[in-house]
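give me the fold of what follows.
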Amino acid sequence: MTAPGPRRRLRTLAWLALAMLAASCAPHRVAPVFVLPETRAARFQAALADREKLGRAAVADVTLWLRTAVAGAYPAANGVLALAGPDAARLRVASAFGTAFDASARGDSLLVVLPARRIGVAADASRDSLGVRGLSELAFRLLAAAWRPPERAWEEAAWSGSLLVLDWEEGGDSLRLAIDGDGLPARVRLRRGDGLEVRARYPRWRAGGGAAWPAEVELEDGEGRIRARCRVERLDFRAQLNSARMAARAGDRIRLLDWPSFRRALERGEDLR
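Residues are numbered from 1 along each chain as shown. Predicted coordinates:
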């Protein structure tokens with residue numbers, strides 16, 4: 001074998017130099033930082049207190065995606081979400097002809113209206129509930145990630161990878177909450193004593209108004225029949241919201257259905273707009 005010539009040696013050295021440079025510039029793998037449960041709990045409590053305070057009067061421009069097992073995926077829609085925590089929420093979805101979807105909840109009362117189809121559903125705990133209590137509180141907790149585990153849940157928490165997982169019972173309901181290293185909810189599963197099951201994921205967060213707030217919420221019912229995703233495009237915290245702004249309205253032309261009939265209408269996939 002003959003020794004490499006000067007040009008070949010030069011090329012070899014050049015490739016070695018480039019490889020070394022690339023290796024030095026490549027991102028190094030760093031083991032995830034281990035955060036003690038008590039530290040994570042302190043971060044969680046502080047962030048939750050901020051969200052609960054600012055969520056008393058919050059308005060967000062949102063983009064929504066809805067998929068049902070029967071109809072498949074609906075087109076993306078833009079809307080306005082208003083929260084007056086802890087027990088009032090309203091969502092309005094726009095269309096080219098006005099409002100496509102208008103829903104408001106307070107306490108055990110719920111009103112959902114589809115103006116273009118002239119149908120809606122109303123429920124009130126005093127006369128005709130859906131069999132689901134605390135609808136508005138549930139809506140607020142889901143959208144603001146306002147989950148409050150008791151002390152015992154922290155004491156019995158377990159690790160799942162980098163997430164701290166807490167389980168607890170609350171008024172006949174069963175909850176499982178996973179918290180990331182920043183003390184923010186990553187996902188939650190709620191199984192209610194009245195039969196409802198909801199799962200939520202919080203894949204992205206945003207900082208605004210001095211609080212970490214979900215930038216995206218993914219929702220799914222326990223049967224996987226209805227899935228929704230809500231992405232926050234703009235978020236505005238206010239001193240207070242006008243109570244009239246929190247209430248949807250059903251005009252004389254709206255036909256109010258019972259909940260099973262209304263849900264079937266949604267799942268059939270007829271154009272909501």
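
check contacts around the residue nearest the centre of the chain.
Geometric centre of the chain, nearest residue: residue 217, 2.3 Å, by CA atoms, centre = their mean. Each residue near residue 217 by CB atoms under 8 Å, 6 or more residues apart in numbering is listed here: 142-143, 145, 200-202, 229-230. For the C-beta atoms, the positions are set from N, CA and C on the backbone; glycine is no exception.

out of these, which comes closest to residue 186?
Distances from residue 186 to the contacts of residue 217, taken as CB to CB, are shortest for residue 202 (6.1 Å).

what's the closest of the contacts of residue 217 to residue 67?
Distances from residue 67 to the contacts of residue 217, taken as CB to CB, are shortest for residue 229 (8.5 Å).

helix, strand, or coil at the closest residue to the closest one other than its chain neighbours?
Of all residues not flanking residue 229 in the chain, residue 65 sits nearest, at 4.4 Å (CB to CB, 6 or more residues apart in numbering). Using DSSP: H, G, I helix; E, B strand; the rest coil, the structure places residue 65 in strand.

quick one: stretch 76-91 to chain centroid distance?
Centroid separation for stretch 76-91 versus its chain: 12 Å, with CA atoms, centre = their mean, to the nearest Å.

among the contacts of residue 217, which are in helices?
142-143 (DSSP state H).

okay, the contacts of residue 217 in TSV with distance to residue 244, neighbour count and pLDDT next?
Below are the contacts of residue 217 laid out as TSV (distance: CB to CB, whole Å; neighbours: other CB atoms under 10 Å; pLDDT from 0 to 100):
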residue	distance to residue 244	neighbour count	pLDDT
142	24	21	94
143	21	24	94
145	27	24	97
200	29	22	98
201	33	17	98
202	31	20	98
229	29	18	97
230	24	21	97
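
just the contacts of residue 217: which are in strands?
Cross-referencing these against strands under DSSP state E gives 200-202, 229-230.

circling back to that earlier point, and the contacts of residue 217, which two are the farthest apart?
145 and 229 (14.8 Å).

where exactly do the helices run in the protein?
Counting by DSSP H, the helices of the chain are 6-25, 37-54, 135-144, 151-155, 259-267.

weakest of those helices by average pLDDT?
Among these, helix 6-25 has the lowest mean pLDDT, at a mean of 39.

got any ranges where the stretch 51-200 of the chain has weak pLDDT?
Flagging of the stretch 51-200 of the chain using pLDDT under 70 yields the residue ranges 125-133.

want to throw the contacts of residue 217 into TSV with distance to residue 101?
Below are the contacts of residue 217 laid out as TSV (distance: CB to CB, whole Å):
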residue	distance to residue 101
142	17
143	16
145	23
200	20
201	22
202	23
229	15
230	13
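
quick check, nearest of the contacts of residue 217 to residue 247?
The closest of these, once distances to residue 247 are taken by CB to CB, is residue 143, at 17.6 Å.
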